[in-house]
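Undergrad: with the input below, show me the fold.
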Amino acid sequence: EELFTGPGQELEGSLLIKEIGKDNSLVFNEKMTEKMLSPCSTFKIFNSLAALESGVAKDENASRKWKGIKYSIKAWNRDHTLQSAVTNSVVWYFKEVAAEVGEKRMKQYLKNCRYGNEDISSGLTNFWLNKSLKINSRQQVAFISALVKDELPFSKRNTAIVRGMIRAQQTNKGTLYGKTGTDIKDGKLVLGWYVGYLVRPGAVYAFATNLEGKENASGAQAKKITESVLSQMDLL
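TA: Numbering: from 1, shown residues only. Now for the predicted structure:
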């Protein structure tokens, strides 16, 4: 609990870690694991799968030209590949991708995966950015588990590419894969996610951590908490 309420922080959050294929799971704040929230940039995992499956992106090296619009995040102000757009969480890249995947295909992919509430009614280029699409931690973990087990309705080639793109770090205990997501309101960080999985010899763990608050609720913070818990469990 102290991980969520550090000095000067009033954050509500939840953590769910599940061993894939087993009944073991670790839950903090069970009630919040059911709360439907915007996926924010964790949706880039799904958006990448949709891009590959529809042929909008050929592979992780599919590049797009920066149109010269200056963003406050410096890393966005250049050309990007699918891989670098995931790594740097480049919103403009994925808005273009979603527009090209199109409403019909996007709706079908979401339905096939039963991803959250499957609602893209707020608009094709923003529905995952604190708009109509919502998902909870349990659904995030189910989606990640299906990604790991190759049970999503996408080609095995495409799921393998996306798994490779979210590889975060390797330690002598295991390999961590994950994606952060953050919602910013009036310049304050109000929602943070970290979702992904940890591969160890003989076991794979899927996880979803989220945070809400008036400020300091970021994907980076959710990631820090997740890594800290995994380390305390002697898994990372």
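
Undergrad: put the alpha carbons of the host helix or strand of Ala208 into PDB.
TA: Using DSSP states H and E, Ala208 sits in strand 203-213. Below are the C-alpha coordinates for strand 203-213, written out as PDB (Å, rounded to 0.1, in the frame of the first residue of the first chain):
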ATOM      1  CA  ALA A 203       6.500 -19.400 -15.500                       C
ATOM      2  CA  VAL A 204       4.900 -16.400 -17.100                       C
ATOM      3  CA  TYR A 205       3.100 -13.700 -15.200                       C
ATOM      4  CA  ALA A 206       0.700 -11.100 -16.700                       C
ATOM      5  CA  PHE A 207       0.100  -7.900 -14.800                       C
ATOM      6  CA  ALA A 208      -1.900  -4.600 -14.900                       C
ATOM      7  CA  THR A 209      -1.200  -1.700 -12.500                       C
ATOM      8  CA  ASN A 210      -3.200   1.500 -12.500                       C
ATOM      9  CA  LEU A 211      -3.200   4.700 -10.600                       C
ATOM     10  CA  GLU A 212      -5.600   7.600 -10.300                       C
ATOM     11  CA  GLY A 213      -5.100  11.000  -8.600                       C
END
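
Undergrad: that strand: how far from the chain's middle?
TA: How far strand 203-213 lies from its chain's middle: 10 Å, per CA atoms, centre = their mean, to the nearest Å.

Undergrad: show me what it is packed up against.
TA: On a contact count with 3 or more CB pairs under 8 Å, 6 or more residues apart in numbering; DSSP states H and E, strand 203-213 meets strand 11-19, helix 137-148, strand 188-200, helix 219-232. C-beta: built from backbone N, CA, C; applies to glycine.

Undergrad: which one of those lies closest to Ile166?
TA: Taking CB to CB, strand 188-200 is the member of the helices and strands packed on strand 203-213 nearest to Ile166, at 6.2 Å.

Undergrad: what mean pLDDT does the closest one get?
TA: Mean per-residue pLDDT for strand 188-200: 97.

Undergrad: buried set for it?
TA: Neighbour counts over strand 188-200 (16 or more other CB atoms under 10 Å) mark 189-200 as buried.

Undergrad: farthest pair in those?
TA: Greatest spatial distance among the buried residues of strand 188-200 (CB to CB): Val190 and Arg200, at 33.3 Å.

Undergrad: show me the contacts for the closest residue to Gly174 other than its chain neighbours.
TA: The shortest distance from Gly174 to any non-neighbouring residue, by CB to CB, 6 or more residues apart in numbering, is to Arg200 (3.8 Å). Counting by CB atoms under 8 Å, 6 or more residues apart in numbering, Arg200 touches 173-174, 235.
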